[in-house]
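>>> I would like the atomic coordinates for the input below:
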Amino acid sequence: EVQLVESGGGLVQAGGALTLSCATSGFTFDTYSMGWSRQAPGQEREGIACIRNTDGSTIYADSVKGRFTISTDNAKHTVSLKMDRLKPEDTAVYYCETKALCTYPNGNYYPGYDDWGQGTQVTVTS
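The predicted model follows:
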């Protein structure tokens, strides 16, 4: 059974930083790309970061590009999301995901995912 457990969310002031972690189990870690998405109240889920299992390359949504960094620890089977210069609009529940793809063939971000965790709340105050 695939299990993804997020941690590290919390309350932070605008301009601050947080690092989210995702502990994984139940699947062969290097057979999936891994991603993070978020969902704010009343809004659709937004894929924001993905790291490819094939070569470790990354892709980000424009909303977080330059501020967020996704990484994996293949030995520990964990995925992290380092979030800098946080803004109130980053407030959301953040989910860790297994993904078959990071992008469509045309390079656009691929929003699909296979499994996801329970989420961790990030609240950014102004």
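>>> what mean pLDDT would you report for the host helix or strand of I59?
Here I59, judged by DSSP states H and E, is contained in strand 58-60. For strand 58-60, mean pLDDT is 97.
>>> Walk me through which strands that strand pairs with, and which way each runs.
With DSSP bridges as the test, strand 58-60 is paired with strand 46-51 (antiparallel).
>>> Dump the C-alpha coordinates for the partner strand into PDB.
Output of strand 46-51 as PDB, limited to C-alpha atoms (Å, rounded to 0.1, in the frame of the first residue of the first chain):
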ATOM      1  CA  GLU A  46      -2.900  23.400  -8.100                       C
ATOM      2  CA  GLY A  47       0.200  21.400  -9.000                       C
ATOM      3  CA  ILE A  48       3.200  23.500  -8.100                       C
ATOM      4  CA  ALA A  49       6.400  21.400  -8.200                       C
ATOM      5  CA  CYS A  50       7.600  18.200  -9.700                       C
ATOM      6  CA  ILE A  51      10.900  16.300  -9.700                       C
END
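>>> Contacts for that strand, please.
With contact meaning CB atoms under 8 Å, 6 or more residues apart in numbering, strand 46-51 is reached by 33-39, 57-61, 63-64, 68-72, 79, 81, 92, 97, 99, 102-103, 109-111, 113. To be clear about C-beta, it is placed using only N, CA and C from the backbone, and glycine gets the same treatment.
>>> do the same with stretch 9-21
Contacts of stretch 9-21 (CB under 8 Å, 6+ apart): 6-8, 36, 78-88, 94, 96, 120-126.
>>> Show me where the protein has its strands.
3-7, 10-13, 18-25, 33-39, 46-51, 58-60, 68-73, 78-83, 92-99, 115-116, 120-125 (DSSP state E).
>>> and stretch 114-126, which residues are buried?
Within stretch 114-126, the residues that count as buried by 16 or more other CB atoms under 10 Å are D115, W116, G117, G119, T120, V122, V124.
>>> Make sure the first one is actually in contact with E1.
No. The pair D115 and E1 does not pass the contact test of CB atoms under 8 Å, sitting 9.4 Å apart.
>>> returning to what we had before: of the contacts of strand 46-51, which count as buried by neighbour count?
33-38, 58-61, 64, 68-70, 72, 79, 81, 92, 97, 99, 102, 109-111, 113.
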